[in-house]
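# Turn this into a model:
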Amino acid sequence: MSNASAIAAVTLTLQSILGDGVRADPNLNDTTVTVLPPDKARGSNNNNQLNLFLYQLLPDPAWRNMNIPSQVANGETGNPPLPLVMHYMLTSFGRDNDTNIPFGHYLLGQAMSVLFDHALLGADEIRNATAVALPVSNLDKQVERVRITLQPLTLEEISKLWTGLATQYRLSVVYEVSVALIESTASTRAPLPVLTRGPDDKGFQSQSSLTSPFPFLDGLLLPNNQAAARSGDTLTLTGLHLSGTSVGVVFNNPFFPAPVELVPSAATDSSVSVVLSGAPAVWPAGLYTVAVMVQRPTETFRRSTSLLAFALAPQITIAPPTTPAAPGIVYTVNCNPEIRPEQRVSLLIANTEVMADPHVAQTPVVTFTVLDLTPGTYFVRLRVDGVDSLLVNRSVNPPVYDPTQKVIVT
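Numbers count the residues shown, from 1 in each chain. Predicted coordinates for the structure are as follows:
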């Protein structure tokens, strides 16, 4: 947590970052960075100069009534920190007052680039900048990082700002720097722990159940603990109040013109099983949502449960399984479900992602040209719209790789 010197620590850190960053340019190595009021900044200096002026301090509304995490336990009453948002005006003065070359513009552009690359003040930057003048500001230890944000001002706002400063306008930009959390010096109230919560430590009385009386889903089980389902797999949806009449499982996918409903293979009050028996040409690989429709006893309409998401993975065979090394090897992959031209398809091989050769129509076969593949054995995966073919066989313990998803380069 920062202390009262946090404001000065922020100013010193910005001054240090600007000075080091700008002077790294050989054309600007004579630049000085001052923190004076604008009417006193230039003085007799005729070299390149930046002036960083703190002109406004505002409270941060997000932190205004918030305790610092980890400092106040449950049941304790803490004292929120003083959260400050600082507004700085950065003004540039070019060498020789820009008589020959507009160094002021060049200097301001370089300074803005430095602050853009330091959008967050690092703990080491703060410590290095304040090590001599403010070694105990603790700004580097506060839980919230200090952020630097460029603030665009309208012509009217700029005019009001410079009029209030009662000095001649110079090319400037304004930055918001937030947030400095200055710790309160008031003590925290920490009561003793509670021994019992009412007679016999029973606490408050509560109703018997908070379970919804309507059908809902709370889980989806895939075969063999796999990360995705495949065509022909059985999905098991778990929940409550799933039994009734006209039970159906509704699937949706971005490529479906309308939701598709399948009849479950088994249904109880707490689970519904359904076989993914859709045609490969109709059910594309990718992400799906699923819900259960059920008509409860004494009701004349069907209710829908909440949605769950799952991935439908492609099943592949790849050829040729063995091939000699060559500058470019063409692999043919047969895929179920079929690949659509709108889908993003790639082959993951040898720690490299290879995009599919162009295909303008829906097809079960895609080709890939793999360059510079050295001799060796490589397991492969087909990735369709972010969903990979299932390379790992989790039906055995320990899991093993699927030997059919492998190629050999001799």
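
# quick one, helices of the stretch 301-410 of the chain?
Using DSSP state H, counting those that start in this stretch, no helices are found in the stretch 301-410 of the chain.

# Using the record's assignment, carve this protein into domains.
Following automatic domain parsing, one gets these domains for the chain: 6-182, 216-312, 315-409.

# where in this protein is pLDDT low?
Counting by pLDDT under 70, the low-confidence segments of the chain come to 1, 69-77, 188, 204-209.

# So in it, which helix runs the longest?
Using DSSP state H to define each element, the chain has its longest helix at helix 6-23.

# Same question for that one: list its buried residues.
By 16 or more other CB atoms under 10 Å, the buried positions in helix 6-23 come out as 6-19, 21-23. To be clear about C-beta, it is placed using only N, CA and C from the backbone, and glycine gets the same treatment.

# go on, stretch 41-49?
Applying 16+ other CB under 10 Å to stretch 41-49 flags 41, 42, 48, 49 as buried.

# and what of stretch 322-338?
323, 329, 331, 333, 334, 335, 336, 337, 338.

# any idea how far residue 390 is from the last one?
In this case it means residue 338. For residue 338, the distance to residue 390 (CB to CB, to the nearest Å) stands at 18 Å.

# Residue 334 is in contact with residue 364, isn't it?
Yes - taking contacts as CB atoms under 8 Å, residue 334 lies within contact range of residue 364: 6.0 Å.

# what about the strands in the stretch 301-410 of the chain?
Taking DSSP state E, counting those that start in this stretch as the criterion, the stretch 301-410 of the chain carries its strands at 303-304, 308-312, 315-319, 322-323, 328-339, 345-349, 352-355, 363-371, 376-384, 387-388, 392-393, 400-401, 406-409.

# Next up, the contacts around the nearest residue to residue 314 once chain neighbours are set aside.
The shortest distance from residue 314 to any non-neighbouring residue, by CB to CB, 6 or more residues apart in numbering, is to residue 285 (4.3 Å). Applying CB atoms under 8 Å, 6 or more residues apart in numbering to residue 285 gives the contacts 312, 313, 314, 335, 337, 339, 343, 384, 385, 387.

# Just after the longest helix of the chain, pick out the following helix or strand.
Where DSSP states H and E defines the elements, the next helix or strand beyond helix 6-23 is strand 32-34.

# Of all the residues in that following strand, which ones are buried?
33, 34.

# Residues touching it, excluding its own?
Against strand 32-34 from outside (CB under 8 Å, 6+ apart): 15, 18, 19, 22, 41, 45, 47, 48, 49, 50, 51, 52.

# Can I get the buried residues of stretch 41-49 in a markdown table including secondary structure and distance to residue 276?
Output for these, formatted as a markdown table (DSSP: H, G, I helix; E, B strand; the rest coil; distance: CB to CB, whole Å):
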| residue | secondary structure | distance to residue 276 |
| --- | --- | --- |
| 41 | helix | 72 |
| 42 | coil | 75 |
| 48 | coil | 69 |
| 49 | strand | 70 |
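
# which of those residues sit farthest apart?
41 and 48 (12.9 Å; CB to CB).

# Common neighbours of these two, please.
In contact with both residue 41 and residue 48: residue 93, using CB under 8 Å, 6+ apart.

# Spit out the contact partners of residue 359.
By CB under 8 Å, 6+ apart, the residues touching residue 359 are 339, 341, 345, 366.

# Distance of it relative to residue 333?
The value you get for residue 359 to residue 333, if CB to CB is used, is 11 Å.

# and for the two, which residues touch both?
residue 366.

# circling back: can you tell me which of the contacts of residue 359 comes closest to residue 56?
Taking the contacts of residue 359 together and measuring to residue 56 by CB to CB, the closest member is residue 345, at 54.2 Å.

# That closest one touches residue 356, doesn't it?
Yes - with contact defined as CB under 8 Å, residue 345 counts as touching residue 356 (4.1 Å).

# shared neighbours of those two, anything?
339, 366.

# Could I get the strands of the stretch 301-410 of the chain in CSV, plus columns for distance to residue 213?
Shown next, in CSV, are these (distance: least, CB to CB, whole Å):
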stretch, distance to residue 213
strand 303-304, 11
strand 308-312, 20
strand 315-319, 41
strand 322-323, 61
strand 328-339, 38
strand 345-349, 45
strand 352-355, 48
strand 363-371, 46
strand 376-384, 40
strand 387-388, 36
strand 392-393, 41
strand 400-401, 46
strand 406-409, 52
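
# which one of these lies closest to residue 266?
It is, among those and with distance given as CB to CB, strand 308-312, at 17.5 Å.

# Convert the C-alpha atoms of that closest one to CSV, please.
Taking C-alpha atoms only, strand 308-312 is exported to CSV below (Å, rounded to 0.1, in the frame of the first residue of the first chain):
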residue,chain,number,x,y,z
LEU,A,308,-24.9,-26.5,-22.4
ALA,A,309,-22.0,-26.4,-24.9
PHE,A,310,-19.9,-29.2,-26.3
ALA,A,311,-17.5,-29.7,-29.2
LEU,A,312,-17.9,-32.2,-32.1
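
# and it, what does it pack onto?
strand 216-221, strand 286-295 (3 or more CB pairs under 8 Å, 6 or more residues apart in numbering; DSSP states H and E).

# Any chance of the contacts of residue 285 in JSON lines with distance to residue 118 as columns?
Converted to JSON lines, those look like this (distance: CB to CB, whole Å):
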{"residue": "312", "distance to residue 118": "45"}
{"residue": "313", "distance to residue 118": "44"}
{"residue": "314", "distance to residue 118": "45"}
{"residue": "335", "distance to residue 118": "48"}
{"residue": "337", "distance to residue 118": "49"}
{"residue": "339", "distance to residue 118": "46"}
{"residue": "343", "distance to residue 118": "41"}
{"residue": "384", "distance to residue 118": "41"}
{"residue": "385", "distance to residue 118": "38"}
{"residue": "387", "distance to residue 118": "39"}
